[in-house]
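A.B. asks: when you get a sec, could you give me coordinates for this:
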Amino acid sequence: QLTDLLQQYATAFRDPMMLQPPEWFKAFIYCEAFLQLPFFPIAAYAFLKGGCRWIRTPAIIYSTHVATTLFAILAHILFHDFSKSELAGPRSLRERLVLLSIYLPYLLIPLLLLFTMLCNPHYKHVEKRKRK
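C.D. replies: Sure, this is the predicted structure:
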C-alpha cells in the first residue's frame, strides 16, 4: 500500500528521485535516517519542556545540515536534464516549480529554526564569569 502511494506521488508530481534516487540522494536519505530522525524526539523534548538552552548547538547542526542537503536537491530539480531519466521527471518550468514547492518547506523550516537559534536572545549563550 505504501509503495502504491509512493508510485502515485512520483507519477503525479513527476518526482523520479523517489523511485530511482541518485546515489547522492541515497546518501541524504541515510543521513536523514541516522542523524535527522534521532534529533526529532530530542528537539521535541527540549522545545516542549522549554528553557533548554542546550538544544541550540544540536539545532544549529541539524538545521544547517538539512538546509545544505535541500540546496542540492532544489538545484537538481531546477537544473537537471530529466529527459534522459528512465522515469518521468518534470518537463516544463511549471512542473519543476510544482516539485520545488513540495521540497521547499523542508528548507524553510530548518532555516527558521537556524534563525531562531542564532537570533533569539533566549538561545544566545552568554558565558558567565566567576568572580574571584
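A.B. asks: rest of the way, CA atoms for contacts and neighbours
C.D. replies: Noted.
A.B. asks: tell me which residues of stretch 52-64 come out buried.
C.D. replies: I55, R56, A59, I60, Y62, S63, T64 (16 or more other CA atoms under 10 Å).
A.B. asks: would you map the helices across this structure?
C.D. replies: Taking DSSP state H as the test, the helices found in the chain are 2-12, 16-19, 23-31, 37-49, 56-79, 93-103, 105-119.
A.B. asks: now do the third one against helix 56-79, angle only.
C.D. replies: Computed with axes from the mean of the first three to the mean of the last three CA atoms, to 10 degrees, the direction of helix 23-31 lies at 150 degrees from that of helix 56-79.
A.B. asks: buried stuff in helix 23-31?
C.D. replies: So, applying 16+ other CA under 10 Å, buried residues of helix 23-31: F25, F28.
A.B. asks: again, but for the first one
C.D. replies: Residues Q7, A10 are the ones in helix 2-12 that count as buried (16+ other CA under 10 Å).
A.B. asks: between it and helix 93-103, how many degrees?
C.D. replies: Going by the same axes, to 10 degrees, helix 2-12 makes 140 degrees with helix 93-103.
A.B. asks: chain center to helix 2-12: distance?
C.D. replies: 20 Å (CA atoms, centre = their mean, to the nearest Å).
A.B. asks: repeat that for the second one.
C.D. replies: Here helix 16-19 shows a centroid-to-chain-centroid distance of 16 Å under the convention CA atoms, centre = their mean.
A.B. asks: and it, average pLDDT?
C.D. replies: Helix 16-19 carries an average pLDDT of 89.
A.B. asks: before we move on, what about the last one?
C.D. replies: If you average the pLDDT over helix 105-119, you get 96.
A.B. asks: export it as PDB, just CAs?
C.D. replies: Taking C-alpha atoms only, helix 105-119 is exported to PDB below (Å, rounded to 0.1, in the frame of the first residue of the first chain):
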ATOM      1  CA  PRO A 105       9.100  23.600   3.200                       C
ATOM      2  CA  TYR A 106      11.900  21.200   4.100                       C
ATOM      3  CA  LEU A 107      14.300  24.100   3.500                       C
ATOM      4  CA  LEU A 108      12.200  26.900   5.100                       C
ATOM      5  CA  ILE A 109      11.500  25.200   8.400                       C
ATOM      6  CA  PRO A 110      15.200  24.400   9.100                       C
ATOM      7  CA  LEU A 111      16.100  28.000   8.100                       C
ATOM      8  CA  LEU A 112      13.600  29.300  10.600                       C
ATOM      9  CA  LEU A 113      15.000  27.100  13.200                       C
ATOM     10  CA  LEU A 114      18.500  28.300  12.500                       C
ATOM     11  CA  PHE A 115      17.400  31.900  12.500                       C
ATOM     12  CA  THR A 116      15.700  31.300  15.900                       C
ATOM     13  CA  MET A 117      18.800  29.700  17.400                       C
ATOM     14  CA  LEU A 118      21.100  32.400  16.100                       C
ATOM     15  CA  CYS A 119      19.000  35.500  16.800                       C
END
